[in-house]
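Asks: Pasting a predicted model and its sequence here:
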Amino acid sequence: MITRPLLAAGLAACLALPAQMLPAQGQIRNAPSPRALEFAAYIFAAANVCGYRIGTEEFDALLEKQNVRAADVNPRGPFGAKVQTMFALMSNQMQLNREKACLAVAGEYGPEGNVSKNVLLPAPAADAPAAPAGGKPAQ
C-alpha cells in the first residue's frame, strides 16, 4: 500500500522537471519506410554490380521525398544494417543476369531514366589517357 503513494510522488516529480532535464525528444523519429530502405539498397546494388556512380544530389532528393536522410541509410547509419542485408541480396540477384539488370536500372535511374534522371551516372572511363601536365602533348 505504501508503494502507490511513492509511485505517484515519483511520477509527479518527473512531470515537474523542466524541459531541459527531460531526454532529447526532438531526436526521436519514425523509422524509414521499407520502400525507402529498398530503394537505397537497390541504388547501392546497381552502383556495385554495374559500376555506376551515384548522383548524390539526385539520390538525396529522392530520399528526402520519402522522408529519409542519406545518413540514415548509409552503412554506419541507424538503418544501415537493414540496407546492407537487402543490398547483399539484390547484388547477388543482379549479378546472376548482370547485363539485363544493368540495362534495366540504367533505364530507370540513369541519365535518361524514366523514373528519375541522373541518380546513377556512368563510371568515368578508366581506359582514357590522362592529359599530360602542362598542357603539352607527349613526344
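Replies: On my side now, so go ahead.
Asks: And the strands in this protein?
Replies: For the chain, the strands defined by DSSP state E cover 53-54, 120-121.
Asks: what's the last one packed up against?
Replies: Going back to what we said before, that points to strand 120-121. Applying 3 or more CB pairs under 8 Å, 6 or more residues apart in numbering; DSSP states H and E, we find strand 120-121 packed against helix 34-50, strand 53-54, helix 98-109. The way it works is simple: take the backbone N, C-alpha and C, and place the C-beta from them, glycine included.
Asks: Now do stretch 49-63: everything it contacts.
Replies: Applying CB atoms under 8 Å, 6 or more residues apart in numbering, the external contacts of stretch 49-63 come out as 36, 39-40, 43-44, 46-47, 69-70, 73, 91, 94-95, 98, 101-102, 105-106, 110, 116-124.
Asks: Give me the buried entries from those.
Replies: 36, 39-40, 43-44, 46-47, 73, 91, 94, 101-102, 105-106, 110, 116, 119-121 (16 or more other CB atoms under 10 Å).
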